[in-house]
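> From the sequence below, what's the structure:
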Amino acid sequence: MARILPTIPLRPAEASSRIKTPKHRRGAAIIELAVCIPLLVMITLGTIEACAMIYLKQTLSLAAFEGCRVGLLPGSQVTNVESQAQLILNDHFVQQTNITMLPADPTTLHPGEFFRVTVAAECSPNSLIGGWFYVGRTFSESAELIYQ
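Numbers count the residues shown, from 1 in each chain. Predicted structure coming up:
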């Protein structure tokens, strides 16, 4: 036969299970929420903006490297370098850019010389939320390779 275990009797439900709060604390949660929500929104937007600017710097670096790489190919012209770098920038929707090369013409390179491509972009037009953290700033990245 099955053995029956004794059960513990349950307490009767109290008439009011709600926790009473003092009158001076009523509405404190809504005030705390009103103070904290704008702060949390600012932190979130700042994080998004910082990530967008990191992405912009990485894109500029990639465009500079690709332009530099193409500039070292035999028979490469200025237009080849600029179009390769601009292709990367267009694919990543980067606006208001400037591409410079040193020396200005890759056909003048001799073995052992360095070729540098610098790509710069304004931060404000490339911002996701208006650029108010980076107003008036310009990011610039360079890549330098040796001609062999």
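
> What strand or helix carries the residue most central in space within the chain?
Centroid-nearest residue in the chain, with Cα atoms, centre = their mean: Cys51, separated by 1.9 Å. In the assignment (DSSP states H and E), Cys51 maps to helix 28-71.

> Then Arg116?
Per DSSP H and E, the secondary structure element for Arg116 is strand 114-122.

> Now the element after that strand, going C-ward?
Going down the chain from strand 114-122, the next helix or strand is strand 138-146, by DSSP H and E.

> Please name every helix or strand in contact with that next one.
Where contact means 3 or more Cβ pairs under 8 Å, 6 or more residues apart in numbering; DSSP states H and E, strand 138-146 is packed against helix 28-71, strand 114-122. All C-beta spots, glycine's among them, are computed from the backbone N, C-alpha and C.

> Mind listing what's buried along it?
Neighbour counts over strand 138-146 (16 or more other Cβ atoms under 10 Å) mark 139, 141-143 as buried.

> so can I have CSV of those showing distance to Gly27 and pLDDT?
Listed next are the buried residues of strand 138-146 as CSV, based on distance: Cβ to Cβ, whole Å; pLDDT from 0 to 100:
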residue, distance to Gly27, pLDDT
Phe139, 47, 96
Glu141, 52, 97
Ser142, 57, 97
Ala143, 59, 96
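
> Which of those sits closest to Gly130?
Distance to Gly130 across these (Cβ to Cβ) is lowest for Phe139, with 16.5 Å.

> Just the CA atoms of stretch 48-57, as CSV, please.
Taking Å, rounded to 0.1, in the frame of the first residue of the first chain, the C-alpha atoms of stretch 48-57 are listed here in CSV:
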residue,chain,number,x,y,z
ILE,A,48,25.3,54.6,-31.1
GLU,A,49,27.1,57.7,-32.2
ALA,A,50,30.5,56.5,-30.9
CYS,A,51,30.0,53.2,-32.8
ALA,A,52,29.1,55.1,-36.0
MET,A,53,32.3,57.1,-35.7
ILE,A,54,34.4,54.0,-35.1
TYR,A,55,32.8,52.5,-38.2
LEU,A,56,33.6,55.7,-40.2
LYS,A,57,37.3,55.6,-39.1
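
> Many thanks, we can stop here.
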